[in-house]
Structure formats: structure tokens, C-alpha cells
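1. quick check, what structure comes out for this input:
(3 chains)
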Amino acid sequence: MRHVDEYRDAQAIASVVRRIRDTATRRWALMEVCGGQTHSILKFGMDQLLPDTVELIHGPGCPVCVTPLELVDRAIAIASRPDVSFCSFGDMLRVPGSGDDLLKVKARGGDVRIVYSPLDALRVARQHPERKVVFFAVGFETTAPANAMAVHRARAEGLSNFSVLVAHVLVPPALEALLGCEDARIDGLLAPGHVCTVTGYRDYEAVAARHRIPIVVTGFEPLDLLHGILAAVTQLERGEALVENQYARVVVRDGNAAARAMVEDVFVVSDRTWRGLGAIPRSGLALAPRYARFDAEQVFDVAKVAVREPEECRAGLVLQGRLRPTDCPAFGTRCNPEHPLGATMVSTEGACAAYFHYRRAPLAAAESPLTGAG
Amino acid sequence: MCLAVPGKVVEIEGEGELRMGRVDFSGVTRQACLAYVPEVRIGDYVLVHVGFALSRIDEQAAIETLRALAEIDALEEAAADDRAASGGS
Amino acid sequence: MSRTLDSMLVCPAPLANLDIVELAHGGGGLKTAALVERLFAPAFRNPHLEPLGDGAIVTVGRERLAFTTDSFVVKPAFFPGGDIGSLAVHGTVNDLAMCGAEPLFLSAGYLLEEGFPMRDLERVVASMAAACAASGVLLVTGDTKVVDRGKGDGLYVNTSGIGRVRDGVHVGPGRAAPGDVVIVSGPVGDHGIAVMAAREGIDFETALVSDSAPVIGPVRALLDAVPASHVLRDPTRGGLATALCEIALASKVGIWLEERDVPVREEVRAACELLGFDPLYVACEGRFLAIVPGASREAALAAIRSQPGGEGARSIGTVRAEDAGRVVLRTQIGSHRLLERLSGEQLPRIC
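-> Just a heads-up that it's a prediction; the model follows:
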């Protein structure tokens, strides 16, 4: 595949890894913000190839994981109504609410549909005027333009049976919250490349300056991530704290103006609670007042449900990068993808699930990886 | 987060918000909304996320990124050769 | 950290925290296995059932017979490359082939929903007849039931089959041995992606067709050349990775796969990238895995490749004594990761 395979070349990867090893003179801790980056790192086993001097901390970059428990419960309540066709990205279907999940609602007869695009949900609404169609609008800034377009088109076409349950979260405020913690030990950041495709990276310049840490915008293929890690380590060795763009083939500093304009038309910035992290001011999106009639939380009167997070779940600490999934006492035993205690184990993006599926194999018969890095 | 895949635009129709394209991903094609990439033409590569093209792929920037990576590769190969030639690592 | 990983590597059997059947129970992954282990196996326990292979091998008089059954619920009923009928015939014929048997006789049960178009039923039946003729099996008995409109999903088909196990052939999921090699008969994931492409809400266009086909030709050639083959398995639900996980557990061996050797068509890879799927877990039809003694690798490959449907056969891995019960993938960039069974089916993701 063009623009993909070139960034998976084994020899080039080995060279970049060697360069990283030669550049780092002491330990550095880098946080990769985006779940897609975590996924890629673990799927390709990049953490095995990196020298011990570079530690990767997995950040809260999984919008599925951080969707507040209340919203998941509300989604389940809405989807359980017989007059509703509930459309969602596949990611959300297995996320546990207080006692249930959307897949179980489907098992009990609820009309829950997986869609690839919010435009598919819009099509369902057009084709089925007799159903109330609700779309679960989750995601970071990457997905907001798509979700915004769906609502914007619904209004333009005068659809009366379409609404969205909004659960959007924004990255920079969450980064500020994490970096502002007293015991934050993050030396550098790998910023999410696809979020920045939409937003650009101007907002990250203030973060880099305020906290004096290098921030590198990276893509998701192994070479992109390693190239970004090399750039971050190089800056750290030089004492620099700049924003660099590794993903230049897709990301520009100002992002995508047309996409941002639509987001600004349809959404307003709002306070948002992040599951596992708590309330972060102005870190989410809500529908703008002129689109209020498309807000599923207003269309459906779903009673407040008392939310109940299993006490044992330490997803919050994992999301903050302060606990490695494998150090959680419940990891792999009481908490596993079959029987997840928290969202980070459910989402394939979640750090715990990624570790479970892709964890390195401590093997009797292990051949040394490419570079012999331990 | 943000699974997005590069593909080649092979058909375009409509305008403005309704601008849609057919994008080819190595033999698999799918409709994508091109409203956010008005500058894209047939033959361009775009990055697609949930049925929307979010960016045109800048071929020149891609070439430069790969060139930078190739340089690292060449230097590391040379360094490895040097180490081997001098009889130790 | 590796010590912690070691102690946590075996996932406990999933708790049944629900009192209803879920879709995942049919997915072929961990939940399906758990249901079989928890409910079906204990209820019917007997030595023929124990191996839990694709089919059972029973001895009647001096004959070893293979006996298998399979139900087909595929949606949509007609997809690029096949339909529920041809799938039903090929699926059962192939399960018999996986037992090392010559397929002989089939039964077919039809569960129809009132209102199902007669034209569609005629198409399915014609397709099944053609598939039987192509596979050399006779359909010798059948049954038809119709349920009220709204109580079914168009058409479900069950096929059962009987075959005669070849003399000198002893294959089964528990027979892989250290030193064996793992061979796949062709590219993986075609069927799962072809079916997914036709599903509403996902729809993408592709020239990909399901690889549903009888594998009896290549299997016959393989067993002619290497009668001492150890394992035959068709990677249907759950894909290549799931099938190998089950074999590694049943045989108590470690299986190592080379990612760069696993054949995947470019379009399947692209579709998997789009949906966030791993091709190693996507269902195949018309494909099989063969695990044979290492010394027979070239003979096995040549035999399979000599037959239509086997041209793309590749050697993709090895069997070892160490790391018993595990399947390890060596990635194309030289690192390793464990492959495990999934809890349910893969769901398209945006994250």
C-alpha cells in the first residue's frame, strides 16, 4: 500500500533504532498521546526494539476509554428504547457502562447498528423516517469534522428523526492537566498526528513553552513513530523544547481550515469529565445552541443513572501514564478482554487491551530482536 | 485513536459540502466526503478517516521524509561498516 | 516486568456474567470455546467428542468414518464468490477433508422463514447441487422446516457429512509435533472481507470474492505425497490465528509464525487497514492449514500447489517444544508478539 508500506521497512527501522540508541545518553520518558500510536507501538513490538534509555508512557489518547461512564449509561438507555435505531462506531460496543454494554443491548433485541461513518447513520435516518436514529458521536478532534458534517446536513435537509449523543474530547487541555500534575515525569510528548491533521499544532507550542518539553507530531507507521522518537530524544539531549512536525506529508501548522470551520459552526467548547481522569474544564465539545434539537440528551429524557465504576479498576492511573497495565494487580486475571473491569481493557486502543493483545512474549525460544536491544 | 488510511482519488462528483469522491485503497474502493479538501483532484492521494478525507497527502513532503530516513539508514550502515572494519563494535 | 507477564499469561476462563446467549458465542473465539467447554462437552462427554476437531472420527466395524456437521447463517445469503448453499456444501466437504477423509455423503436441513422468495431458494439449491457434483459427494437425505414470518432470518442451512478416513492417515488437532512446519494453502482473509464488503453500513467496493471452494483436491494430493501429515485444519471463524491457537493448546506445542511469509492479498490488507482488522483473524473458506513433519515440507508444498486452489500455498511457520500452548508471531520488523484467541468477533473501529 502506497504511503504505508514505505514506513514499515525493516532495515530502515533498524537504522533509526540504532541511531536512537546512540543518541540517548540517559533515560528519557516520552508519552505517546494517541491510542493509535499505542496500538501501533505494541502491534509492531517497537517497545522491544527501543533501548532501555527510552521509556514510552501511554497517555489518555483513547476517546473510547475516556468517554464518561454517565454517557455510556445514557447511550445504553437510549439504545434500549424500541423506537430508536442506535448507530455507533464499533469501538463503543463493548465498553462497559455501570452494568451493561451496547452489545448486550443488541443481544436483547435493541436496534444497535455499527457504522463506519456518521454519514451512514444519516442515511439510516433518511431511509427510515419512522425510526428515531441516534448517532454516538465520540472521538477526538479528528472525528469532530465528520460528526459535525452529519449534524449540519441533518439540519440542512430538515431531518426530524436524527440526533447525536455527543462525547467529544479535546487533547490539549488533557495534556495540560497531565503535565500539571506534581509527579508528572514526562520528558517529551509524541503528539497525535491525525488530531493535528485537523487542528494543526499551534496549540501545542504554548504547551511546549509552558512546560519546557519537546513535542513531536508523529504519524502512526513504525518509521513515523521511531523517527518522531529520535527527534524528541535529540531535542532532549540538546536541551530544546520545540514543537516539531514529523508527519509533514499530512500535517501543517494551521491544520485544515474547512474542517475546523464546520466544527466551530456545529459545536461549542464545553467542560467535560474524562473517565479515569476527572473533570477537565473546556476539554470537550457540545452542540451549539442552534443545533440543540439534534442533541440526543435533550431529545430523550434519560433519567440520571447512578454510575458505579468497579473499585478495583485502576484505569485512571493507566490513562494518566502513572501505572503500567502489567503492574495493575487485576491485569490479565480478574481483568481481561473477556471480563473487563474498565474501559482501558475494552477498547482495542486502550492501553490495557493493547498490552494484553500485543504484549511482548518472554519466550524460552526467543531469538534476539533485530538490534539486540534488551 | 483516529484510524486513517491513505488512498487515491479516482472519481469526484458534487460540490461544496456535497463533494464526494471514490477513493481507491489498493483495489478496495469506498466513497469519501471531499468537502474538507476542496483542492484535491483526481489522482491525488488523501488521508481518509470515517469516510471523510481530512488532508491531501503532500507527495513532496513524503519524499523529503523518506529521504531523511534514507540518510539515517545510510549513515548507520556506514557506521556499522566502520565498526566491523575496525574489528569490534 | 517479564516475571509479572509470565504469571499472568494464561487468561482464566471467562465468567458467564450473563444469562442470555450473545453474538460472540458464535464468533469462534474464546466465548465459543468457553460455551463448548462449559456446556456441551460435559453434557455429552465421550472419547469421540474429546478431540473437539472439525469432525469426529468413529470406527464402525473395520472402517474409520469421519462425521461432521455445520450450520450456515451467513448474511447476506448471496455474496461475491458464493452463497449460503455453496458455502454449506464446501464447508462440510472441507471439514471431512480436514479429518483426512474422502467425503462421501451429505445431508441438508433447511430452516426457512415464511415469505422467503422461492426464486432465492431455487438459486441456493441449484448452487448446492453444483457444489456437490464438483466435490464428488451425494446428498442423500434432508429436511425442511418453515417458521413464521419474523421468526427466522430468511434461510438457515445445516449440512452434515460422512466420509471414509484414508488408510494410514491419522490427523487431528492434538498431533502437531516439534520440528513440524506449518503450511497454509493460499492467501488468508478473502472470505471474511468479501462478506463484510457486502454488509450494509460498511459497504466498500472490491473485486474480492469469497474463496469458498472445496479443498479436497489439494488435500488429496497432500495426503498422497505425505500420508504422515499431522494436522489439517480450515481456518474459518476466527481466522488463521485462532485455528493455530487451538492447535497449539491441543498439541501442547509452541507455534512460531513469520509475518512476512503469511500470504495476504493486497485488497484484503487494504480492507483490513480501513476497518482496523487484523488479517490473521479474518475468516477464510476454501483454505486449509497443514502441519507436516519438517522433512516433508517441500513434498507437501509441491503437492498442494499442483492442484487448483492450492497454487498460493506457503510455508509460514514452525512447531517447537518450547513455549507450549502459545502462538508467537515474528513481525515483519523483527519483533515478536503473542497471538491469542479473541473474545468475540473483530468489530470495525475508528480508533
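2. sec struct for C:I255, please.
-> strand (DSSP: H, G, I helix; E, B strand; the rest coil).
3. now it: how far from C:L338?
-> Counting by Cβ to Cβ, to the nearest Å, the separation of C:I255 from C:L338 is 11 Å. No exception for glycine: its C-beta is placed from N, CA and C like everyone else's.
4. find residues that contact each of the two.
-> C:326-328 (Cβ atoms under 8 Å, 6 or more residues apart in numbering or on different chains).
5. of those residues - the most surrounded one?
-> C:V327 (29 neighbours; other Cβ atoms under 10 Å in any protein chain shown).
6. give me the beta-bridge partners of that one?
-> C:I255, C:L339 (DSSP bridges).
7. surely it and C:T242 touch.
-> No. C:V327 lies out of contact with C:T242 (Cβ atoms under 8 Å); the separation is 9.4 Å.
8. now the residue nearest to A:T143 when sequence neighbours are not counted: how far from A:R2?
-> Counting by Cβ to Cβ, 6 or more residues apart in numbering or on different chains, B:V50 is the residue found nearest to A:T143 once chain neighbours are left out, at 6.0 Å. According to Cβ to Cβ, B:V50 stands 21 Å off from A:R2.
9. so between the two, which is more surrounded?
-> B:V50 (25 against 13).
10. tell me who's in contact with that one.
-> Applying Cβ under 8 Å, 6+ apart, the residues near B:V50 are A:89, A:116-118, A:143, A:146, C:350.
11. and it, backbone torsions?
-> Dihedral angles of B:V50 (phi, psi; degrees, to the nearest 10) stand at phi 40, psi 50.
12. check it and give its pLDDT.
-> Per-residue pLDDT puts B:V50 at 95.
13. ok, and the closest non-adjacent residue to the residue of the stretch 151-300 of chain A found nearest chain C?
-> Nearest residue of the stretch 151-300 of chain A to chain C: A:P222, at 5.9 Å (Cβ to the nearest Cβ). Using Cβ to Cβ, 6+ apart and skipping residues adjacent in sequence, the residue nearest A:P222 is A:F44, 4.7 Å away.
14. name the single longest strand found in chain C.
-> strand C:101-113 (DSSP state E).
15. quick one: strands adjacent to that strand?
-> strand C:138-147 (parallel), strand C:155-165 (antiparallel).
16. touching, A:V72 and A:G97? I think so.
-> Yes. Counting by Cβ under 8 Å, A:G97 is a contact partner of A:V72 at 4.1 Å.
17. so between the two, which is more surrounded?
-> More crowded of A:V72 and A:G97, by other Cβ under 10 Å: A:V72, with 27 against 23.
18. circling back to that earlier point, buried residues in the helix or strand following the longest strand of chain C?
-> Downstream of strand C:101-113, the next assigned helix or strand under DSSP states H and E is helix C:118-135. Residues of helix C:118-135 classed as buried under the neighbour-count rule (16 or more other Cβ atoms under 10 Å in any protein chain shown) are C:120-121, C:123-124, C:127-128, C:131-132, C:134-135.
19. next, the angle from helix C:118-135 to strand C:155-165.
-> Helix C:118-135 and strand C:155-165 are oriented at 10 degrees to each other (axes from the mean of the first three to the mean of the last three Cα atoms, to 10 degrees).
20. pretty sure A:D120 contacts B:C33?
-> No. Using Cβ under 8 Å, A:D120 is not in contact with B:C33; the gap is 11.5 Å.
21. show me the common contact partners of the two, please.
-> B:G51.
22. the two: which is more packed in?
-> Shown here are A:D120 and B:C33; by other Cβ under 10 Å, B:C33 has more neighbours (26 against 20).
23. look up which residues are beta-bridged to the more buried one.
-> B:M20, B:F52.
24. which helix or strand contains A:A12?
-> helix A:10-23.
25. report the distance from the helix or strand following that helix to the chain centre.
-> Proceeding N to C from helix A:10-23, the next assigned helix or strand is strand A:28-32, under DSSP H and E. Here strand A:28-32 is found 17 Å from its chain centre; the criterion is Cα atoms, centre = their mean, to the nearest Å.
26. and the contacts of strand A:28-32?
-> A:38, A:41, A:53-59, A:61, A:178, A:185-190, A:218, A:225, A:229, A:232-233, A:236, A:321.
27. so which of these are in helices?
-> Among the contacts of strand A:28-32, the ones falling in helices (DSSP state H) are A:38, A:41, A:178, A:225, A:229, A:232-233, A:236.
28. the helix or strand bottoming out on mean pLDDT in chain B near chain C anywhere?
-> Using mean pLDDT, DSSP states H and E, helix B:59-85 stands out as the lowest-scoring helix or strand of chain B, at a mean of 91. No. Interface with chain C: helix B:59-85 contributes nothing (Cβ under 8 Å from any Cβ of the partner chain), its closest point being 13.7 Å away.
29. what residues sit buried inside the longest strand seen in chain B?
-> When chain B is parsed with DSSP E, its longest strand is strand B:5-13. Residues B:5-9 are the ones in strand B:5-13 that count as buried (16+ other Cβ under 10 Å).
30. and B:R41, how many neighbours?
-> Neighbour tally, B:R41, other Cβ under 10 Å: 10.
31. is it true that it touches B:K8?
-> No. Counting by Cβ under 8 Å, B:R41 stays clear of B:K8, with 11.1 Å between them.
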